[in-house]
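A.B. asks: Build me a structure from this.
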Amino acid sequence: MKLSAIASALNARLDNASPDIEITGLNGIERAGPSELTFVANPKYAGSARHTKAAAVIVANDFPAIPAATLRVEDPYLSFARALELFYQPERYSPGIHPTAIIHPSAKIGGNAHIAPYVVVNESVEIGANAVLLAHVVIYRGVTIGNDFFAHAHAVVRENCRIGNNVLLHNGVVIGSDGFGFAKTPKGSWYKIPQPAPVVIEDDVEIQANSCIDRASVGETRIRRGVKIDNLVQVGHGSQVGEDALLAAQVGLAGSTEIGKRAILTGQVGVVGHCKVGEGAIVTPQSGVAADIPAGALVSGAPAVDHRAWLKYSALLPKLPDLVRALRAVIGEKSVKK
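C.D. replies: Numbers count the residues shown, from 1 in each chain. The predicted model follows:
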């Protein structure tokens with residue numbers, strides 16, 4: 001594809017280049033070759049841009065001039081994602097139902113569906129148009145799903161859950177597994193609390209591999225529009241995740257957690273039950289949230305506190321042994337003087 005065509009598709013300003021350069025693909029800035037396109041979104045790679053072998057680099061509008069050709073845009077990372085779509089289209093699946101699939105006669109599936117080997121669709125299920133269910137996907141009874149649903153192999157949607165349009169489930173996702181609810185008996189054993197309430201997944205949600213969204217005993221667990229959930233995430237029963245929130249790998253939400261719109265929980269964050277993370281808040285990796293987090297906050301640590309305070313704590317930690325020795329010395333001197 002010619003560089004001029006890519007620039008036009010990205011609405012980019014092309015500098016320092018012939019528009020007829022042929023681009024064969026995309027790559028990282030340190031690996032890109034003379035026929036490839038790359039990008040700079042992170043400032044730490046700005047130096048690499050001066051020495052890259054790439055044919056052209058997608059950069060921000062105010063990025064300094066470099067020897068390579070540049071495509072200047074408002075958001076280099078987003079533009080790189082769109083450039084990838086010009087070269088790499090997702091695999092298409094032809095409509096059809098494999099003979100090994102088991103579909104209950106009462107199930108309703110919209111047109112253009114691709115139902116792969118060993119899929120199971122139970123009674124009273126409703127699925128919209130253009131669905132793709134790959135091998136071993138199981139849809140329990142009473143589930144309703146909108147249009148353009150895509151479920152990779154071994155995804156499971158449990159009974160009576162509701163899923164909107166344009167939802168993508170990766171391998172091993174479980175929607176509607178039982179919430180972790182047990183009442184202690186007088187003898188000290190655990191009595192299972194029924195978990196009949198459904199999970200509701202709104203439109204444009206993507207849930208990646210081996211993540212679990214638990215159903216509740218009462219009410220519902222709801223994942224709102226545009227949420228993106230990474231691998232190995234646990235969303236506890238009765239939790240609410242706000243629009244366009246991001247949950248990174250190994251995040252764990254205990255029951256009845258509330259995550260605000262556009263909040264970002266990075267890797268291995270844990271949130272105690274009934275806590276609220278405010279709109280637009282960011283929780284940094286391995287933090288433990290034990291109290292409500294206000295909207296727009298940036299927090300770190302366990303228990304999570306303001307990020308700037310956490311940086312001060314972290315700087316002091318390596319000095320603690322010396323501080324303790326100095327304190328003991330001072331205390332000892334005062335004792336001797338007495």
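A.B. asks: quick one: contacts for Ile229?
C.D. replies: Shown in contact with Ile229 (CB atoms under 8 Å, 6 or more residues apart in numbering): Val205, Glu206, Ile207, Gln208, Ser211, Ile223, Val235, Val241, Leu247. For the C-beta atoms, the positions are set from N, CA and C on the backbone; glycine is no exception.
A.B. asks: where exactly do the helices run in the protein?
C.D. replies: Along the chain, counting by DSSP state H, helices occupy 3-10, 46-49, 76-87, 307-316, 320-337.
A.B. asks: quick one: the last one to chain centroid distance?
C.D. replies: Between the centre of helix 320-337 and the centre of its host chain there is 49 Å, according to CA atoms, centre = their mean, to the nearest Å.
A.B. asks: who's in contact with that helix?
C.D. replies: Residues external to helix 320-337 that are found in contact with it (CB under 8 Å, 6+ apart): Leu316.
A.B. asks: please redo it, this time with the cut-off set to 10 Å
C.D. replies: For helix 320-337, contacts defined as CB atoms under 10 Å, 6 or more residues apart in numbering pick out Leu316, Lys319.
A.B. asks: Helix 307-316 and that helix, what's the angle between them?
C.D. replies: Here helix 320-337 runs at an angle of 70 degrees relative to helix 307-316 (axes from the mean of the first three to the mean of the last three CA atoms, to 10 degrees).
A.B. asks: Please export the C-alpha coordinates of helix 320-337 as PDB.
C.D. replies: C-alpha atoms of helix 320-337 as PDB (Å, rounded to 0.1, in the frame of the first residue of the first chain):
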ATOM      1  CA  LEU A 320      14.100   2.200  57.300                       C
ATOM      2  CA  PRO A 321      16.900   0.000  58.800                       C
ATOM      3  CA  ASP A 322      19.300   2.900  59.000                       C
ATOM      4  CA  LEU A 323      16.600   5.200  60.500                       C
ATOM      5  CA  VAL A 324      15.700   2.500  63.100                       C
ATOM      6  CA  ARG A 325      19.400   2.100  64.000                       C
ATOM      7  CA  ALA A 326      19.800   5.900  64.300                       C
ATOM      8  CA  LEU A 327      16.700   6.100  66.500                       C
ATOM      9  CA  ARG A 328      17.800   3.400  68.800                       C
ATOM     10  CA  ALA A 329      21.200   5.100  69.100                       C
ATOM     11  CA  VAL A 330      19.500   8.300  70.100                       C
ATOM     12  CA  ILE A 331      17.200   6.500  72.600                       C
ATOM     13  CA  GLY A 332      20.200   4.700  74.100                       C
ATOM     14  CA  GLU A 333      22.200   7.900  74.600                       C
ATOM     15  CA  LYS A 334      19.200   9.500  76.400                       C
ATOM     16  CA  SER A 335      18.900   6.500  78.700                       C
ATOM     17  CA  VAL A 336      22.600   6.700  79.600                       C
ATOM     18  CA  LYS A 337      22.400  10.400  80.400                       C
END
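A.B. asks: The residue positioned nearest the centre of the chain and Lys108: what is the separation?
C.D. replies: Nearest to the mean C-alpha position of the chain, counting by CA atoms, centre = their mean, stands Ile229 at 3.1 Å. Noted for Ile229: a distance of 28 Å to Lys108, by CB to CB, to the nearest Å.
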